[in-house]
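Student: Build me a model from this:
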Amino acid sequence: MNIILFFGSFNPIHLGHLILAQEAALLTNTTEVWLVLSPQNPFKNTADLLDEKVRLQILQKTIAHIPILRASDIEFDLPKPSYTIQTLESLQQIHPQHHFKILIGTDILPNLHKWRNYEQLIHTYEFLVFPRNNYPVVNMPSQYFTLLPTPIIEISSTQIRDRIKGGLPYAHLVAPETSKEIIDLKCYKH
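Tutor: Next comes the predicted model:
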């Protein structure tokens, strides 16, 4: 089975994540998208990072009603910070019957060469790329990358956290289940 892997901190998951994951599946005729929750991204500041188990709970409740989406906590048992190559090697061992594709935004492309074992990754796995504003597609060899005609969505988890801290409305940027969990768990208030 073809599986799209969408890696992220999901701190918190928002409508942009949900739209892009489902659009990628639709455009590539893929039956499942696994949202791989990264406990600690080696390229991100962890100051505002909610506990991984809390983020997983919010993620699971948010996608519970979307059959094509599945939450993955595979990186919880791997060394931190999480490196994509290690995650993929673990997933391939556990699920040798699956063919994995990686979903990223054009904002990732300029720094993709900094990823651990980057050349092995691009030669072994297909990268599905969605457009992001202010990140044009440059030097993207078509044999390794497929640009998806998904909508450009200008929502970020940082924006949502900042709105919560500032007492501004944010519910229009997340699924109702996400908003409920954020309120119930009193997340992102400092």
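
Student: S157 - nearest residue in space that isn't next to it in sequence?
Tutor: Using Cβ to Cβ, 6 or more residues apart in numbering and skipping residues adjacent in sequence, the residue nearest S157 is N11, 4.9 Å away. Yep, even glycine has a C-beta here, placed from its N, CA and C like the rest.

Student: roughly how far apart are that neighbour and T178?
Tutor: From N11 over to T178 the distance is 11 Å, taken as Cβ to Cβ, to the nearest Å.

Student: pretty sure the residue nearest to S157 is touching L49, no?
Tutor: Yes: N11 sits in contact with L49 when judged by Cβ atoms under 8 Å, with a separation of 5.7 Å.

Student: Quick check: mean pLDDT of the helix ranked longest in the chain?
Tutor: Using DSSP state H, we find that the single longest helix of the chain is helix 15-28. Helix 15-28 carries an average pLDDT of 97.

Student: what's the helix or strand following that helix in contact with?
Tutor: Sequence order places strand 32-37 as the next helix or strand after helix 15-28, per DSSP states H and E. With Cβ atoms under 8 Å, 6 or more residues apart in numbering as the test, strand 32-37 has contacts from 1, 3-10, 13, 17, 21-22, 24-25, 52, 55-56, 59, 63, 68-76, 87, 103.

Student: so what strands line up beside strand 32-37?
Tutor: strand 2-8 (parallel), strand 69-72 (parallel) (DSSP bridges).

Student: chain center to it, what's the gap?
Tutor: Its chain's C-alpha centre and that of strand 32-37 lie 7 Å apart, by Cα atoms, centre = their mean, to the nearest Å.

Student: Please find the angle between the direction vectors of that strand and helix 15-28.
Tutor: Using axes from the mean of the first three to the mean of the last three Cα atoms, to 10 degrees, the direction of strand 32-37 lies 150 degrees away from that of helix 15-28.

Student: So for the next helix or strand after strand 32-37, mean pLDDT?
Tutor: Per DSSP H and E, the first helix or strand lying C-terminal to strand 32-37 is helix 52-63. Helix 52-63 comes out with an average pLDDT of 97.

Student: mind checking how far helix 52-63 is from the chain centre?
Tutor: Distance of helix 52-63 from its chain centroid, counting by Cα atoms, centre = their mean, is 13 Å.

Student: Same question for it: list its buried residues.
Tutor: Using 16 or more other Cβ atoms under 10 Å as the test for burial, helix 52-63 gives E52, V54, R55, L56, I58, L59, Q60, K61, T62, I63.

Student: What sits closest to the fifth one if chain neighbours are left out?
Tutor: So that's I58. E181 (4.4 Å).
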